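S.K.: The following block contains a protein sequence and its predicted model.
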Amino acid sequence: MASLSVLARPGPPLDPSRARGLREGYASAAGADTGRLARDLGRHLQEAVAPDETLREAPRWVSESLGIPVAIVLTHDGVMEEVFAWPADGTVAAHLGPLLPGVPEEGTVLARALQERRSVHVPVVGAGPSFFDGAGRPSQLRSVAAVPLRATGGTVGVLVLHSPVPAAVGPGLVAALEEVAVPLGLVVSNARLRQVVSAMQSEQEGARLREELLAALSHDMQTPLAVLLGSVKALQQFDDLAPKHRAGLYEGMARRGTQLQRLVDQFLDYSRLEAGRPIEARPSSTDVGAAIAQLENDLGWRRPLELAVPSDLPPAFVDPDRLNQVLANLISNALKFSPVGSPISVNARADDDVVQIVVEDRGRGMSPIELEEAFLKFHRGSGAGDTPGTGLGLYVSRAVIEAQGGQLTAESQLGRGSRFTLVLPRRPPGE
């Protein structure tokens, strides 16, 4: 189960005299204190924030109530998978931790509790079956009881009470443990049900996101594909096209082919990131000014760009194709999300160790919350509307730049536009 902060509160400890009665096995005290412990635990479970948090807190609560170490051993199909104990580094946890997951050896205390689905009480360890296996007994485990945690469908774990003092675990404590095991079994069952439901929801959410991604990718590909197909048909049907018109068709086809290639590359990068594989990049000394000028040729037909690039701008140590990919994405975003006719500026300058490129627009901008989420995958912002896009551009772009030792940051104000800053290394790492 995932590690979560403990928010549930421990119940009130039992009165010391009554706890002592339980340990010594007095029948009258056992009945009274067992009922109180079960009631307190029931209230505690009702106040708990979540079942998995309760499992982590329950050993401490029961241990403090009974005044003796407690552990919960979770099992699945007879295999012990996880231990929750109080003290957290106590004997049972220390003994079982390195051996999990594992199956208890036949005839041992834990094996019998799991297989027979009943309490196994060994007042003095050494006079009865061993605890986990025959290879050795924990030196600090001299008295023990194991009570199965039962739920619908079978046994889900074992509740263990133990002590370094022989005969310290008496019949009264075993009775108390059996009372506590009933609600705890339900807690384990509920926690596992939550895990199953959560996994199903995650799978459904993943399927929904994949469908949305494919739909967005398909939508983005439709326009360049339509242009490409239309241009091909025109070239096929009209043999007498003027050289000027023919050249224009070829130029448009090349432009749309480049657009399709960028979409495919972005999708492949996203797939690599999701699979935990590194982004592929081959950094080299790259003329940043030439890369920006090339993008003006590729994208400037949509709207003129305002460039401020010094003629003596030094090269950056980045993959030129990757730099082109990221700059194209930033400029395309600026064109998408700013009014027709408003300026798009691209400025570059160099410091001692880096080259900075700033892409700025005068669009609607982003709120502080939108700005925080701008680099998340599938995030498109409240102003995206029907504007085409997969919501992966900034997510992939940041990963591409960071893989080469650079940075990509954003600033924005609603109604005033957005500014994206690329910081690129000038030299290889270590130089």
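M.R.: Here it is on my side, so go on. Residues are numbered from 1 along each chain as shown.
S.K.: which helix in this protein runs the most residues?
M.R.: What stands out as the longest helix in the chain, according to DSSP state H, is helix 171-237.
S.K.: Name the next helix or strand downstream of it, please.
M.R.: Using DSSP states H and E, the helix or strand that follows helix 171-237 in sequence is helix 243-274.
S.K.: Please enumerate the strands of the stretch 1-150 of the chain.
M.R.: With DSSP state E, counting those that start in this stretch as the criterion, the stretch 1-150 of the chain has strands at 70-76, 79-86, 120-122, 143-151.
S.K.: which residues does the residue lying closest to residue 306 once chain neighbours are set aside form a beta bridge with?
M.R.: Excluding the flanking residues, the one nearest residue 306 by Cβ to Cβ, 6 or more residues apart in numbering is residue 345, at 4.2 Å. Quick note: C-beta positions are derived from backbone N, CA and C, even for glycine. Using DSSP bridges, the bridge partners assigned to residue 345 are residue 306, residue 360.
S.K.: show me what contacts residue 345?
M.R.: 305, 306, 307, 308, 358, 359, 360, 361 (Cβ atoms under 8 Å, 6 or more residues apart in numbering).
S.K.: And residue 281, by the same measure?
M.R.: 318, 319, 322, 400, 403, 404.
S.K.: can you check residue 315 too?
M.R.: Residue 315 makes contact with 285, 286, 287, 288, 355, 426 under the criterion Cβ under 8 Å, 6+ apart.
S.K.: tally of neighbours for residue 247?
M.R.: Neighbour count of residue 247, defined by other Cβ atoms under 10 Å: 11.
S.K.: average pLDDT for the helix or strand harbouring residue 355?
M.R.: Under DSSP H and E, the secondary-structure element containing residue 355 is strand 354-360. Mean per-residue pLDDT for strand 354-360: 94.
S.K.: one step back: are there helices or strands packed against the longest helix of the chain, and which ones?
M.R.: When contacts are defined as 3 or more Cβ pairs under 8 Å, 6 or more residues apart in numbering; DSSP states H and E, helix 171-237 sits against helix 16-24, helix 27-47, helix 51-66, strand 70-76, strand 143-151, strand 154-163, helix 243-274.
S.K.: re earlier: buried ones among the contacts of residue 315?
M.R.: The neighbour-count test (16 or more other Cβ atoms under 10 Å) marks 286, 288, 355, 426 as buried among those.
S.K.: For beta bridges, what are the partners of the third one?
M.R.: Spelled out, that is residue 355. residue 350, residue 424.
S.K.: Please tell me I have it right and it contacts residue 317.
M.R.: No: Residue 355 is not in contact with residue 317 according to Cβ atoms under 8 Å; the separation is 9.1 Å.
S.K.: what residues are shared contacts of these two?
M.R.: Counting by Cβ under 8 Å, 6+ apart, the residues touching both residue 355 and residue 317 are 424, 426.
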